[in-house]
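Colleague: structure for this input, please:
(chains A, B and C)
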Amino acid sequence: MTNNNEYKSFNIDQFYKKYLKGPIIFKNRNALAPSYIPVELPHRDKEIEEIAGKTACALRGDTPPNMLCYGMTGTGKTATIRYVSHKIAQHTKTNVPWWIYINCSIISTPYRILAHIYNTIIGSEKIPPTGLPKDVIFKNLLGLLDYKIKDSICFLVLDEIDMIANGRGGNEILYDLTRLNENLDSCRTSLIGISNKLKFKDSLDPRVISSLGKDHITFPVYNAKELGDILDKRAKIAFNDDVLKEGVISLCAALAAKEHGDARKALQLLRKAGEIAERFQNKNVSREHVNKAQFELERDHTIDYIKGMPLQAQLVLTSIYLLSLYNKNNVIISGDVYEIHSELTNKMPGVRSLTRRRISDYINNLVLAGIITAEKKSMGKYGATKIIKLCDDPSFLGKILESIDKIKEGLNHSPSLIQKNKIRINNNVFRKLN
DNA sequence: TATCCACAGGAAATCAGGGTGT
DNA sequence: ACACCCTGATTTCCTGTGGATA
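Modeller: As a prediction, the model looks like this:
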């Protein structure tokens, strides 16, 4: 926009015209969406059979056992449950069972779980997001279940159940939910927990394990060939004929198989590859599109994650970024991060500085998100620390941080540690590492 | 070999901000 | 207005930890 002669604006009308004239890649792109329920689920026969076996008694009005489903992300746990629920509904004429899905990573507190179940059944937001005592909601819920789901079954599917099991009051709510039936007259409930952490059972109360953990189904990861089959079937629905070039599906499958056989990832890759081909108005989707898709997915995920982080987390990351600028080895220690963070927050009105303990948590979250790595290291006399490294190129990170208004200014901050030329302990760290 | 540094990270308490019914 | 509730973020308190150093 600096030079009026050279500036050429994006012509949106022309773009749409060209788009509509261009090649049509997708027939039904929804078939690659995570929410899509396919007509058949390849390579999940054993799991379908097990779940169908355990839930079949609902057709005759009996109470199915509570159960747990284990498996890594993208192994088809949720898809299988949804699939079975559809099938059950097809085979019932009266008293169709209710299925209430609760994603515990979003609906993550005991109160909200109860409120969500209640509001789903009644079909409105009658229970407010906060304010009422839990036991009041619990009592209301019992009454509602008996009144509205008379003589039928209500399946409560708790997806990512591990998110609440170790939180405050997590065991209590799970215990209450497993014991719902004892307080109900005509309605019956059945709990299905879904977890991708095999070890999560350890954090459960023995009382909960005794009623929830008896029946469990483990979902194995898909291998590359199985992923290929899944993609093949979906691709036939999603793409127009002859759009996919040779080797596209096998590449998606191979890339996803590397990441513990994650079918969701494989489908995402295929979809993104298609979208990239579409964007460039190409007639076919090629292996290059898949590689580009892989790159873009990772990049998009990082950008979205960082932009969505709370301000304090962004400031912790900014501190790490600033240190990395002055540090060729890309080696940063937690103590320095704490100091820079304090300096940054002192300059920002309305933003308070945090304790070391809290910074430590934020650092751990950044590790979980794959933005940094942190390795615990003892330096003997010089204490212990975490050696932090950025996973991505610092300039890439810099661009993201610069696009966040509140952070922008902080990027000009020159850390006093650097000014005083005293990245004290770092010197010791370098000596050890080199 | 004992000491000791500078932090890690678990558990519980606290606070502020949203809400409720009476 | 009041007593009470729930939640997420944070602090406070605390017990490890591992290897360089005296």
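Colleague: so where is chain A shaky, pLDDT-wise?
Modeller: Scanning chain A for pLDDT under 70 picks out the ranges A:1-6, A:165-168, A:328-330, A:417-434.
Colleague: distance between the helix ranked longest in it and the chain's centre?
Modeller: In chain A, taking DSSP state H as the definition, the longest helix is helix A:287-308. Computed by CA atoms, centre = their mean, to the nearest Å, the chain-centroid distance of helix A:287-308 equals 15 Å.
Colleague: what do you get for stretch A:133-147?
Modeller: 31 Å.
Colleague: so does it get close to DNA strand B?
Modeller: No - contact between stretch A:133-147 and DNA strand B is absent, the nearest approach being 7.9 Å (criterion: CB under 7 Å from any atom of the strand). Placement of C-beta: from N, CA and C, glycine included.
Colleague: give me the contact list for that stretch.
Modeller: A:110-111, A:114-115, A:117-118, A:121-122, A:127, A:154, A:176, A:180, A:183-187, A:189 (CB atoms under 8 Å, 6 or more residues apart in numbering).
Colleague: try stretch A:315-332
Modeller: Outside stretch A:315-332, the residues touching it (CB under 8 Å, 6+ apart) are A:306, A:309, A:336-337, A:340-341, A:344-345, A:351, A:359, A:362-363, A:366, A:371-372, A:387-390, A:394, A:397-398, A:401, A:407, A:410-411, A:413, A:415, A:417-418, A:423, A:426, A:429-430, A:433.
Colleague: about what we covered before: what subset of the contacts of stretch A:133-147 is buried?
Modeller: A:110-111, A:114-115, A:117-118, A:121, A:127, A:154, A:176, A:180, A:184, A:187, A:189 (16 or more other CB atoms under 10 Å).
Colleague: just flag the most distant two among those.
Modeller: The distance between the two most remote of the buried ones among the contacts of stretch A:133-147 (CB to CB) is 21.6 Å, for A:111 and A:187.
Colleague: where exactly do the strands run in the stretch 301-434 of chain A?
Modeller: With DSSP state E, counting those that start in this stretch, the ranges of strands along the stretch 301-434 of chain A come out as A:332-333, A:372-378, A:384-390.
Colleague: let me know whether the first one sits next to DNA strand C.
Modeller: No - with CB under 7 Å from any atom of the strand as the measure, strand A:332-333 is seen stopping short of DNA strand C, the closest distance being 13.3 Å.
Colleague: in its sheet, what does that strand sit against?
Modeller: strand A:384-390 (antiparallel) (DSSP bridges).
Colleague: could you see whether DNA strand B lies near the partner strand?
Modeller: Yes - Strand A:384-390 lies within reach of DNA strand B by CB under 7 Å from any atom of the strand, at A:384, A:385, A:386.
Colleague: go back to those and keep what's next to DNA strand C.
Modeller: Among the residues of strand A:384-390 next to DNA strand B, the residues within reach of DNA strand C (CB under 7 Å from any atom of the strand) are residue A:384.
Colleague: also near DNA strand C: which of the buried ones among the contacts of stretch A:133-147, exactly?
Modeller: A:110, A:111.
Colleague: narrow the buried ones among the contacts of stretch A:133-147 to those in strands?
Modeller: A:154, A:189 (DSSP state E).
Colleague: buried subset of the contacts of stretch A:315-332, written for PyMOL?
Modeller: Applying 16+ other CB under 10 Å to the contacts of stretch A:315-332 leaves a buried subset, and the PyMOL line that selects it is:
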select buried, chain A and resi 306+309+336+337+340+341+344+345+359+362+363+366+371+372+387+388+390+397+398+401+407+410+415+417+418+423+426+429
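Colleague: just the helices in the stretch 251-400 of chain A please.
Modeller: A:263-279, A:287-308, A:311-325, A:334-347, A:356-368, A:394-402 (DSSP state H, counting those that start in this stretch).
Colleague: next, the angle helix A:394-402 makes with the longest one.
Modeller: In terms of direction (axes from the mean of the first three to the mean of the last three CA atoms, to 10 degrees), helix A:287-308 departs from helix A:394-402 by 50 degrees.
Colleague: just to revisit the earlier point, for the buried ones among the contacts of stretch A:133-147, which one is nearest DNA strand C?
Modeller: Proximity of the buried ones among the contacts of stretch A:133-147 to DNA strand C (CB to the nearest atom of the strand) peaks at residue A:111, which lies at 2.7 Å.
Colleague: residues from the stretch 101-250 of chain A in reach of DNA strand B?
Modeller: A:128, A:129, A:130, A:131, A:132.
Colleague: list only buried entries from those.
Modeller: The buried subset of these - by 16+ other CB under 10 Å - is empty.
Colleague: tell me the two of those residues that are most distant?
Modeller: Across those (CB to CB), the longest gap, 10.0 Å, separates A:129 and A:132.
Colleague: helix, strand or coil: sort out residue A:7 for me.
Modeller: Put simply, residue A:7 is coil when judged by DSSP: H, G, I helix; E, B strand; the rest coil.
Colleague: what is the neighbour count of it?
Modeller: 8 (other CB atoms under 10 Å).
Colleague: now do residue A:212
Modeller: 26.
Colleague: show me what from chain A comes close to DNA strand C.
Modeller: So far as CB under 7 Å from any atom of the strand goes, chain A lies against DNA strand C at A:108-112, A:130-135, A:169, A:310, A:312, A:352-355, A:357-358, A:361, A:378-384, A:432.
Colleague: which of those residues are buried? Put it as a PyMOL command.
Modeller: In PyMOL syntax, the buried subset of the residues of chain A next to DNA strand C is picked out as below (16+ other CB under 10 Å):
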select buried, chain A and resi 109+110+111+112+134+312+353+354
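Colleague: pretty sure residue A:109 sits against residue A:169.
Modeller: Yes - the criterion here is CB atoms under 8 Å, and residue A:109 meets it with residue A:169 at 7.4 Å.
Colleague: count residues in the vicinity of the nearest residue to residue A:205 once chain neighbours are set aside, would you?
Modeller: Of all residues not flanking residue A:205 in the chain, residue A:171 sits nearest, at 4.0 Å (CB to CB, 6 or more residues apart in numbering). Using other CB under 10 Å, residue A:171 has 19 other residues around it.
Colleague: look up how far residue A:81 lies from residue A:171.
Modeller: Residue A:171 sits 23 Å away from residue A:81 when distances are taken as CB to CB, to the nearest Å.
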